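Undergrad: Mind looking at a prediction? Sequence and model below.
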Amino acid sequence: MTDTPWRAGGCHCGAVRFEAALPDAVEAQECNCSICAKAGFLHIIVPESRFRLVSGEDALTAYRFNTGVAKHLFCRHCGIKSFYRPRSNPDGWSVNARCMDESSGLTLNVKPFDGRHWEDHGAELAHLSKETL
C-alpha cells in the first residue's frame with residue numbers, strides 16, 4: 001500500500017475535504033437501498049488506514065436510521081454525503097466515488113449491490129475494509 005496514491009475529494013461547497021488511498025482502478029458498489037438509491041451514492045469501501053479527513057470535521061452532521069449502526073455524515077452547509085461509516089464495514093469508511101475530485105484519475109468498475117435485501121447480502125462487503133498487502 002505504500003505506493004498507493006492518496007486521492008482527494010469532498011462535498012459540493014468545499015467545507016468537507018477528505019483523502020483516500022486508492023489504486024488507479026477501483027471497484028465501486030451501486031447500492032439499491034432506500035438512502036443510497038435516493039442520494040446516488042457510489043460506494044468505494046476502504047480500511048480505516050486508507051482514509052483521512054483533511055478538513056471540515058466541524059461541518060459534518062450525522063444521521064442514523066434503522067439499526068443505528070451506520071453513521072451517515074453530511075455536510076451541514078450543502079447536504080452532501082461524501083463518506084460515511086457503513087454498517088457492513090464498521091472498521092472502515094465508504095467513500096462516495098461521485099465526490100472524488102475529477103482530477104483524481106480513478107477508473108471505476110461499478111458493481112450492483114442489493115442493499116434492499118441487506119440482511120441477505122451485507123456480509124458480501126465485509127472483506128472490503130480489510131487491509132491487503
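TA: Received it, and whenever you're ready, just let me know what you need.

Undergrad: What separation do you get for residue 15 and residue 54?
TA: 11 Å (C-beta to C-beta, to the nearest Å). Any C-beta I mention is one placed from the backbone N, CA and C, and that applies to glycine too.

Undergrad: who's more crowded, these two?
TA: The neighbour count for residue 15 versus residue 54, taken as other C-beta atoms under 10 Å, is higher for residue 15 (17 against 13).

Undergrad: which residue sits closest to that one, ignoring its sequence neighbours?
TA: Counting by C-beta to C-beta, 6 or more residues apart in numbering, the nearest residue to residue 15 once its immediate chain neighbours are dropped is residue 59, at 4.1 Å.

Undergrad: Tell me which residues of stretch 37-54 come out buried.
TA: Neighbour-count burial for stretch 37-54 flags 39, 41, 42, 43, 44, 45, 46, 47, 50, 51 (criterion: 16 or more other C-beta atoms under 10 Å).

Undergrad: now do the same end-to-end measure for it.
TA: 27 Å (C-alpha to C-alpha, to the nearest Å).

Undergrad: Report how many residues lie close to residue 24.
TA: If you count neighbours by other C-beta under 10 Å, residue 24 ends up with 11.

Undergrad: Assess the claim that residue 15 and residue 61 are in contact.
TA: No. Using C-beta atoms under 8 Å, residue 15 is not in contact with residue 61, being 11.3 Å away.

Undergrad: Find the residues that touch each one of those two.
TA: Listed as contacting both residue 15 and residue 61 by C-beta atoms under 8 Å, 6 or more residues apart in numbering are residue 75.

Undergrad: Could you look up the SS state of the nearest residue to residue 88 once chain neighbours are set aside?
TA: Among residues not flanking residue 88 along the chain, residue 125 sits closest, at 4.1 Å (C-beta to C-beta, 6+ apart). Assigned with DSSP: H, G, I helix; E, B strand; the rest coil, residue 125 falls in the helix class.
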